[in-house]
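Colleague: Predicted model, plus sequence, below.
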Amino acid sequence: MTHKPGLISSILGMKCPNCRKGAMFCNKSIFPLKEMMQMPKNCAECGQKMELEIGFYYGTGYVSYGLSVAIAVFNIVWYAVLVGFSWKDNSVWWYLGITVGMLILLQPWLMRLSRVIYLYMFVKYGSNSGRFEQRTNSE
C-alpha cells in the first residue's frame, strides 16, 4: 500500500490535489511576479487537469478574501495580547498599518494558496487514478 501524503502539507506545498505529488505551478518561487500564476495544463505525475473549466479560478477571490480576514483576525488577537488597543497612543492605527502591510506583502502567496485550496475543494485525492496511464498507453 502506498503512503498517502498529508492534506495540509500538500496544500502548503502547493501539490496536485489528486496525487499530492505533482507541482501545481510552473515556478516554485513567486518571482518573477509576472509568471507567478502560470500553471501546467495537467499534473506531470497523474495527468489531473489544473483548470477544470474556463473561468474556474474566478471563485478564488472568495478564498483569498477568507484568508485575508483570517490573517486580520489573527493579527487582532496577537496585537491585543502583546500591545493592546487604545486611541490615545494610536495603537489602533499601528494595528491597521501592520495588517495592511502584511496583506500587501503576502498577496502573491495568498493568490497562489487560494488557487490551491479552491482546486482541493473540487478534486478529491485519488479521484483521477489510472486515467493518465490509460491515455499515455493508448497514444
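Modeller: Looks like it arrived, so ask away.

Colleague: Name the residue closest to the centre of the protein, please.
Modeller: The chain has Leu113 as the residue nearest its centroid, 1.2 Å off, counting by CA atoms, centre = their mean.

Colleague: From the chain's centroid, how far away is the helix or strand hosting Val81?
Modeller: Applying DSSP states H and E as the criterion places Val81 in helix 60-82. Chain-centre distance of helix 60-82: 15 Å, with CA atoms, centre = their mean, to the nearest Å.

Colleague: just stretch 49-64 next, same as before
Modeller: How far stretch 49-64 lies from its chain's middle: 11 Å, per CA atoms, centre = their mean.

Colleague: Pull out the buried residues from it.
Modeller: Neighbour-count burial for stretch 49-64 flags 49-50, 57, 60, 63-64 (criterion: 16 or more other CB atoms under 10 Å). Where you see a C-beta, it was placed from the backbone N, CA and C, and this is true even at glycine.

Colleague: Now the helix holding Val81: average pLDDT?
Modeller: Per-residue pLDDT over helix 60-82 has a mean of 96.

Colleague: quick one: low-confidence parts of the protein?
Modeller: Residue ranges of the chain with pLDDT under 70: 1-2, 129-139.

Colleague: Would you map the strands across it?
Modeller: Counting by DSSP state E, the chain has no strands at all.

Colleague: Could you check how far the residue lying farthest from the centre of it is from Leu119?
Modeller: Using CA atoms, centre = their mean, the residue of the chain lying farthest from its centre is Lys88. It sits 38.5 Å away. Distance, Lys88 to Leu119, using CB to CB, to the nearest Å: 47 Å.

Colleague: Check Glu51 too.
Modeller: Distance from Glu51 to Leu119, by CB to CB: 9 Å.

Colleague: Check Leu105 too.
Modeller: Going from Leu105 to Leu119 by CB to CB gives 24 Å.
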